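1. Model the structure of this input:
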Amino acid sequence: MLVTIARFSFPYEAQIAKARLESEGIEAFIADEHTINMQWLYSDAMGGVRLQVTETDVDEARDILNQDRSALVDQALGGRGKRKCERCSSTNLEPFTKGKKPAFLVFLLLGMPLFFYQHGVKCKNCGHFKKINNRRQ
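-> This is a model prediction of the structure:
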């Protein structure tokens, strides 16, 4: 039997987590990925993209996903990998899509989204949003 161990707003986040588990020898599965890819506005309503593993691998998989390997990334990038909030200098940032919820509401009312949304990062401490213009971030 499969158990959902994590939920993600975007399919690429689930793919990264799945690859991390599979690199450690744990077989993982992604549910609802194609539905969210076809209609991203359904992500919140469906509970996002689900990452699943077998019951026997639940504890080990959660331990692997909870490990913070950001120091390894910083080391590989020579210290250039840490982003800081422009407002409060915190490094507690998360990927965020601005305008996603209003677009979903307009979609429900009119059948098509009219708002443009922006991808970026949001500070978890002060709430400041910074739009990301390039693909490299």
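2. alpha carbons only for contacts and neighbour counts from here, please
-> OK.
3. The protein: strands as residue ranges?
-> Ranges of strands in the chain, per DSSP state E, are 2-8, 28-31, 49-54, 93-98, 118-123, 129-131.
4. just how off-centre is the shortest one within its chain?
-> Read that as strand 129-131. On the basis of C-alpha atoms, centre = their mean, to the nearest Å, strand 129-131 sits 16 Å off its chain's mean C-alpha point.
5. Check the spacing between the residue nearest to Y117 when sequence neighbours are not counted and F10 real quick.
-> The shortest distance from Y117 to any non-neighbouring residue, by C-alpha to C-alpha, 6 or more residues apart in numbering, is to G99 (4.7 Å). Distance check for G99 against F10: by C-alpha to C-alpha, to the nearest Å, it reads 15 Å.
6. higher neighbour count, those two?
-> The neighbour comparison of G99 against F10 (other C-alpha atoms under 10 Å) goes to F10, with 16 against 13.
7. hang on, the more buried one packs against G47?
-> No. Using C-alpha atoms under 8 Å as the test, F10 is too far from G47 to be in contact (10.9 Å).
8. Now do the buried residues in the lowest-mean-pLDDT helix or strand in the chain.
-> Here the helix or strand of the chain ranked lowest by mean pLDDT, DSSP states H and E is helix 70-76, holding a mean of 72. For helix 70-76, burial by neighbour count (16 or more other C-alpha atoms under 10 Å) applies to no residue.
9. try stretch 125-133
-> Across stretch 125-133, burial judged by 16+ other C-alpha under 10 Å covers F129, K130.
10. Please shift the residue numbers so they start at 26 in all later answers.
-> OK, 26 is where the count begins now, so the last one is stretch 150-158.
11. Now it - C-alpha only, CSV.
-> The C-alpha trace of stretch 150-158 is given here as CSV (Å, rounded to 0.1, in the frame of the first residue of the first chain):
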residue,chain,number,x,y,z
ASN,A,150,10.1,36.0,8.1
CYS,A,151,8.9,39.3,6.8
GLY,A,152,6.7,38.3,3.7
HIS,A,153,8.8,40.3,1.2
PHE,A,154,8.4,38.9,-2.4
LYS,A,155,11.0,39.2,-5.1
LYS,A,156,10.2,38.3,-8.7
ILE,A,157,12.7,36.1,-10.4
ASN,A,158,13.3,37.2,-14.0
